[in-house]
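Asker: here is the input, now give the coordinates:
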Amino acid sequence: MNFKEFESKTIEYFKEKYAEKYNITVRDVLKNNGEVLRGITMIKDDINASPTIYLNDMYEAVLAGKDFNAIMDEIDYILDRSSLKEAIDIDFLSDYGIVKGKVLPKLINKELNEDFLKDVPHFDYLDLAVSFYVIVESETFGTGSIAISNSNFEEWGITKEEMLEDSLKNYDRLLGCTVERIESVLLQMLKERGIGSEEDFPYLNKKDGLFNEIPMYVVSNKMRTLGAASLLDKKKLKMISKDFSSSLYILPSSIHELIFVPASVVDDLDYLKSMVSEVNKTEVSKSDFLSNSVYYYDAEKSALSVA
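Answerer: Residues are numbered from 1 along each chain as shown. So this is what the prediction gives:
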């Protein structure tokens, strides 16, 4: 079964089962870094939002041998659990007095998001770009987000500088910046996936750990979501470099986290650059990719640049 056949079969299934309850729409959805996914949305007449079901992942599961009907059962479960029972109030988007306390920054790859950036207020930042979003909460699906568009921004009559300043204050207040040894983060990931315990991975400890030769620290936020925006916090960069008594090399792990390395322990910058490129190529999804660059924070000058 090729993708077109899979799409037709899936749409036929949804229409037979849900046509009386939902308005069914199939469309291409532009994601981060220019990734385009084929999505199905099913919205009730009196509801203004719905989870998008992406056919691409479902098709990959079919190619891996998963039964089509089993996948449809999973989709039925998702719709039952996450379909909204009432419309989401997004009228607040017209009032920057309300948005002001919710707007947050998002750091993304500038070159790969060229089309997206045409439609949103943004700043260039080194070889990256800063766009903005607001948090939306619902009892049904929990916490979501809405990207700030040019039309939103023009309606508010504020400057981009004001919005950037507000977003950075909110980032610090709502999400905060977290700094952890990479060994601690890896151990936590293993525990969350039920893979052994700390005793099973003795090389993941601070005293004689795997990363002692080049100590690495993961920088993100409390939600571990879009934590690369910590790179915008100049006060935090200065504080971290002071704690390490060193300038910093900053590796863009993904849009969700960064890896800081004290520059005082780095002898081979080219090694760090090659490591970033290799990890991005083999371990980071297209939608989570941030950059292949390595960044340098000069503690003496309090300045950030591409290394």
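
Asker: tell me the strands in this structure, going along the chain?
Answerer: Taking DSSP state E to define them, one finds strands in the chain at 23-30, 36-43, 52-54, 103-109, 123-125, 128-138, 142-147, 178-181, 217-220, 248-251, 258-262, 295-298, 303-306.

Asker: lowest-confidence stretch among the ones you listed?
Answerer: With a mean of 77, strand 142-147 has the lowest mean pLDDT of the strands of the chain.

Asker: surely I250 touches Y297?
Answerer: Yes - using Cβ atoms under 8 Å, I250 is in contact with Y297, at 6.4 Å. Heads up, the C-betas are built off the backbone N, CA and C, glycines and all.

Asker: which residues are common contacts for those two?
Answerer: By the contact definition Cβ atoms under 8 Å, 6 or more residues apart in numbering, I250 and Y297 are jointly contacted by L304.

Asker: so who does the closest residue to L175 other than its chain neighbours touch?
Answerer: Leaving aside its sequence neighbours, L175 sits nearest to N221 (Cβ to Cβ, 6 or more residues apart in numbering; 3.8 Å). Each residue near N221 by Cβ under 8 Å, 6+ apart is listed here: 171, 175-178, 227, 229-230.

Asker: list just the nearest of those to F116.
Answerer: Nearest to F116 among those, counting by Cβ to Cβ, is A229 at 16.3 Å.

Asker: helices of this protein, start to end?
Answerer: Here the chain has its helices, by DSSP state H, at 3-18, 55-63, 68-82, 96-99, 114-117, 150-156, 160-170, 182-192, 234-244, 269-282.

Asker: name the residues of the second one that are buried.
Answerer: So that's helix 55-63. Neighbour counts using 16 or more other Cβ atoms under 10 Å place 55-56, 58-59, 62 of helix 55-63 among the buried residues.

Asker: ok, now the longest one?
Answerer: Of the residues in helix 3-18, 6-7, 10, 13-14, 18 count as buried by neighbour count, 16+ other Cβ under 10 Å.

Asker: quick check: angle from that helix to helix 68-82?
Answerer: With axes from the mean of the first three to the mean of the last three Cα atoms, to 10 degrees defining the directions, helix 3-18 sits at 50 degrees from helix 68-82.

Asker: could you list every helix and strand in contact with helix 3-18?
Answerer: Contact here means 3 or more Cβ pairs under 8 Å, 6 or more residues apart in numbering; DSSP states H and E; on that basis helix 3-18 packs against strand 23-30, strand 36-43, helix 55-63, helix 68-82.

Asker: quick one: pLDDT of the residue nearest to L175?
Answerer: pLDDT, N221: 93.

Asker: and the one 4 residues further on, by the same measure?
Answerer: Reading off the per-residue confidence, T225 sits at a pLDDT of 91.

Asker: surely it meets H256?
Answerer: Yes - using Cβ under 8 Å, T225 makes contact with H256 at a distance of 6.0 Å.

Asker: which residues does the residue positioned nearest the centre of the chain contact?
Answerer: Among the residues of the chain, L226 comes closest to the average C-alpha position under Cα atoms, centre = their mean, at 4.2 Å. Residues near L226 by Cβ under 8 Å, 6+ apart: 104, 106-107, 255-256.

Asker: for E162, same thing?
Answerer: By Cβ under 8 Å, 6+ apart, no residues touch E162.

Asker: would you mind measuring from it to K234?
Answerer: The gap separating E162 from K234 is 18 Å, by Cβ to Cβ, to the nearest Å.

Asker: also Y296?
Answerer: Distance of Y296 to K234, computed by Cβ to Cβ: 14 Å.

Asker: neighbour-wise, which of these two wins?
Answerer: Just comparing Y296 and K234: by other Cβ atoms under 10 Å the higher neighbour count belongs to Y296, 17 against 13.

Asker: about what we covered before: farthest-apart pair in the buried residues of helix 55-63, please.
Answerer: The widest separation within the buried residues of helix 55-63 (Cβ to Cβ) is 10.9 Å, between N56 and V62.

Asker: about what we covered before: adding distance to E154, write the contacts of N221 out as JSON lines.
Answerer: Below are the contacts of N221 laid out as JSON lines (distance: Cβ to Cβ, whole Å):
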{"residue": "Y171", "distance to E154": "23"}
{"residue": "L175", "distance to E154": "27"}
{"residue": "G176", "distance to E154": "31"}
{"residue": "C177", "distance to E154": "31"}
{"residue": "T178", "distance to E154": "35"}
{"residue": "G227", "distance to E154": "29"}
{"residue": "A229", "distance to E154": "24"}
{"residue": "S230", "distance to E154": "29"}
